[in-house]
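Chemist: Need the 3D shape of this:
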Amino acid sequence: MTERIVTIRNRAGMHARPAALLVKTASAFKAQIFIEKDGERVNGKSIMGVITLGATYQSQLKVIADGPDEMPALDAIERLFENRFEEE
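Modeler: The predicted model follows:
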């Protein structure tokens, strides 16, 4: 199991479009993906779970991956955050 801390850099926060991109990216990997904010953990492959975190601009999230391809999964997800989900 591997984890990383990421920061939401797009001003609109984690609304439907970035949540869908996150879930699509996470679903491409075999590893289990979890997103955690303020002690609440959700399945990173569930759009409803990701949206219910209510993550806003500058929120820090913990991304946890567990499985055979956990490192590439974390790298891909981290790139989404770094690129502001291609919104800016």
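
Chemist: Would you mind pulling the contact partners of the helix or strand where residue 78 lies?
Modeler: Here residue 78 sits within helix 70-82, counting by DSSP states H and E. Applying CB atoms under 8 Å, 6 or more residues apart in numbering, the contact partners of helix 70-82 are 1-4, 6-9, 18, 21-22, 25-26, 28-29, 31, 33, 44, 63, 65, 67. Where you see a C-beta, it was placed from the backbone N, CA and C, and this is true even at glycine.

Chemist: repeat that with 7 Å
Modeler: Applying CB atoms under 7 Å, 6 or more residues apart in numbering, the external contacts of helix 70-82 come out as 2, 4, 6-9, 21-22, 25-26, 29, 31, 33, 63, 65.

Chemist: Those in helices, which ones?
Modeler: 21, 22, 25, 26 (DSSP state H).

Chemist: number of nearby residues for residue 58?
Modeler: By other CB atoms under 10 Å, 10 other residues sit near residue 58.

Chemist: For it, give its distance to residue 6.
Modeler: Counting by CB to CB, to the nearest Å, the separation of residue 58 from residue 6 is 11 Å.

Chemist: Quick one: buried ones out of the contacts of helix 70-82?
Modeler: 6, 8, 21, 22, 25, 26, 29, 31, 33, 63, 65 (16 or more other CB atoms under 10 Å).
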